[in-house]
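Student: What follows is a predicted protein model with its sequence.
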Amino acid sequence: MAATSSLDALVDDTERLQALQRYGILDTPMEPAYDELAEIAGHVCEAPVALVSFVDRDRQWFKSAQGLPDRETPLDQSVCRYALRQPDVFIVPDLAQDVRFAHYGIVTQKHPLRFYAGAPPITPDGYALGTLCVLDHRPRQLSSRAQELLSALARQVVRLLELHRANDRQGQMLAELDAARQQMAVLAHTDVLTGLANRRSFTERLRQEQALLQRGNEPACLLMMDLDHFKRINDVHGHHVGDQALQLFADLCRSVFRAADVVGRWGGEEFLALLPATGLEQAQAVAQRVHAALAEQPLPGIEPPHRLSVSMGLTLFDPLRPLDVTLRLLDSALYTAKREGRSRTVVV
């Protein structure tokens with residue numbers, strides 16, 4: 001059915017272009033599914049050229065091009081742009097006899113194309129994205145049955161687009177779900193305020209190290225650390241400053257301890273550090289570095305300047321000693337350090 005159209009087909013169609021962009025189809029590689037639809041259209045319509053065409057702002061781009069070497073043409077050489085405004089199949093029996101198209105390159109070339117029929121793939125929300133079209137080198141007509149089949153194939157183009165879009169959304173949802181699971185796993189093992197290992201995670205790591213030591217691994221040490229006068233910081237400056245103090249200490253630990261060491265927030269202002277493959281003398285040197293680093297870094301925004309200090313208990317990790325006994329010994333050493341004046345390390 002030949003349909004009348006005019007240059008009003010070229011009016012701005014911002015919403016249609018936005019719909020086209022949502023599918024992310026432009027400039028993607030050719031795919032067998034689209035090629036097969038074009039091949040079927042060419043076969044049904046007995047046409048040597050069949051295209052799956054999407055009309056962009058200043059060009060028409062071919063997702064499939066059967067019988068045509070081009071992947072795109074300028075918009076001012078597009079017959080498909082006229083088909084966008086037609087509810088049914090847009091047919092031009094003889095392009096050379098139509099003033100709108102007689103000057104087009106496909107008509108004036110050595111082996112001209114003369115016949116055009118295009119059915120627009122229309123999205124569920126009513127936007128025509130382009131055409132599934134066929135072209136022939138001779139003027140002709142298209143049977144009603146072939147027009148129906150061409151329209152049916154155009155609907156399949158939309159179904160392919162919707163399927164790809166749904167797959168993309170599903171892929172994005174799965175990626176977001178995986179990221180959420182990873183975040184939950186991190187949160188399950190991490191203290192939210194300091195970013196260090198939480199008590200549960202640190203206990204698991206202690207049990208793993210204990211098993212390794214029982215198999216003959218190099219000695220390891222444990223440090224229990226407690227910030228001095230922490231309650232006073234909260235009472236005088238507020239809990240937000242107390243949180244800053246905990247975060248500052250956690251950052252300091254990340255800079256002082258090795259990557260192989262494990263530091264965790266045991267609870268409140270109390271921290272534990274596991275130092276694998278470390279003897280007592282090495283561990284004492286590490287503890288001294290912590291004391292020195294704290295002395296050099298005051299709490300930000302506090303006047304007069306306030307420097308944190310920490311009391312520590314240190315022990316060699318004995319794999320034959322029950323873990324709860326080891327932790328009680330460390331706790332006792334820590335409170336001995338508190339009684340002896342704080343800002344020191346007691347070895348047990």
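Tutor: Perfect, thanks for sending it.
Student: going forward, measure contacts between C-alpha atoms and count neighbours the same way
Tutor: OK.
Student: hey, where'd the strands end up in the chain?
Tutor: All strands of the chain, identified by DSSP state E, fall at 49-55, 59-66, 72-74, 90-92, 115-119, 130-136, 221-227, 262-267, 270-275, 310-316, 345-347.
Student: Kindly reformat those as TSV and extend each row with mean pLDDT, distance to Leu161 and mean neighbour count.
Tutor: Formatted as TSV, those follow (pLDDT from 0 to 100; distance: least, C-alpha to C-alpha, whole Å; neighbours: other C-alpha atoms under 10 Å):
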stretch	mean pLDDT	distance to Leu161	mean neighbour count
strand 49-55	97	12	26
strand 59-66	96	11	22
strand 72-74	95	19	15
strand 90-92	97	22	26
strand 115-119	98	16	27
strand 130-136	97	12	28
strand 221-227	94	60	26
strand 262-267	92	50	22
strand 270-275	94	55	23
strand 310-316	94	63	25
strand 345-347	92	68	21
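Student: what about stretch 25-32, how long is it end to end?
Tutor: One end of stretch 25-32 sits 14 Å from the other (C-alpha to C-alpha, to the nearest Å).
Student: Same check on stretch 206-220?
Tutor: 10 Å.
Student: That stretch: how far from the chain's middle?
Tutor: Taking C-alpha atoms, centre = their mean, to the nearest Å, the mean C-alpha location of stretch 206-220 is offset from the chain mean by 39 Å.
Student: Flag every buried residue along that stretch.
Tutor: Of all the residues in stretch 206-220, those buried under the rule 16 or more other C-alpha atoms under 10 Å are Leu206, Glu209, Gln210, Leu213, Pro219, Ala220.
Student: Which members of those are positioned in helices?
Tutor: Among the buried residues of stretch 206-220, the ones falling in helices (DSSP state H) are Leu206, Glu209, Gln210, Leu213.
Student: For the second one, which non-adjacent residue is closest in space?
Tutor: Nearest residue to Glu209, sequence neighbours excluded (C-alpha to C-alpha, 6 or more residues apart in numbering): Pro276, at 7.7 Å.
Student: which residues touch that neighbour?
Tutor: Applying C-alpha atoms under 8 Å, 6 or more residues apart in numbering to Pro276 gives the contacts Glu209, Glu218, Pro219, Ala220, Cys221, Ala260, Asp261.
Student: What is the nearest of the residues you listed to His43?
Tutor: Proximity of the contacts of Pro276 to His43 (C-alpha to C-alpha) peaks at Ala260, which lies at 67.6 Å.
Student: Surely that closest one is in contact with Leu275?
Tutor: Yes: using C-alpha atoms under 8 Å, Ala260 is in contact with Leu275, at 7.5 Å.
Student: rewinding a little: I'd like the strands of the chain as JSON lines, with distance to Pro304 appended.
Tutor: Listed next are the strands of the chain as JSON lines, based on distance: least, C-alpha to C-alpha, whole Å:
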{"stretch": "strand 49-55", "distance to Pro304": "69"}
{"stretch": "strand 59-66", "distance to Pro304": "69"}
{"stretch": "strand 72-74", "distance to Pro304": "71"}
{"stretch": "strand 90-92", "distance to Pro304": "82"}
{"stretch": "strand 115-119", "distance to Pro304": "79"}
{"stretch": "strand 130-136", "distance to Pro304": "71"}
{"stretch": "strand 221-227", "distance to Pro304": "19"}
{"stretch": "strand 262-267", "distance to Pro304": "28"}
{"stretch": "strand 270-275", "distance to Pro304": "25"}
{"stretch": "strand 310-316", "distance to Pro304": "19"}
{"stretch": "strand 345-347", "distance to Pro304": "27"}
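Student: Nearest to Ala152, out of those?
Tutor: It's strand 115-119; of the strands of the chain, that one is closest to Ala152 (C-alpha to C-alpha) at 8.8 Å.
Student: From the chain's centroid, how far away is the closest one?
Tutor: 42 Å.
Student: just stretch 311-319 next, same as before
Tutor: Distance, centroid of stretch 311-319 to centroid of chain: 43 Å (C-alpha atoms, centre = their mean).
Student: Output it as PDB, nothing but the C-alphas.
Tutor: What follows is stretch 311-319 as a C-alpha-only set of coordinates in PDB (Å, rounded to 0.1, in the frame of the first residue of the first chain):
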ATOM      1  CA  SER A 311      48.400   0.100  77.100                       C
ATOM      2  CA  MET A 312      49.300  -3.300  75.800                       C
ATOM      3  CA  GLY A 313      49.700  -6.900  76.800                       C
ATOM      4  CA  LEU A 314      52.000  -9.100  74.700                       C
ATOM      5  CA  THR A 315      52.500 -12.900  74.700                       C
ATOM      6  CA  LEU A 316      54.000 -15.600  72.600                       C
ATOM      7  CA  PHE A 317      51.100 -17.500  71.000                       C
ATOM      8  CA  ASP A 318      51.400 -21.000  72.500                       C
ATOM      9  CA  PRO A 319      49.400 -23.400  70.400                       C
END
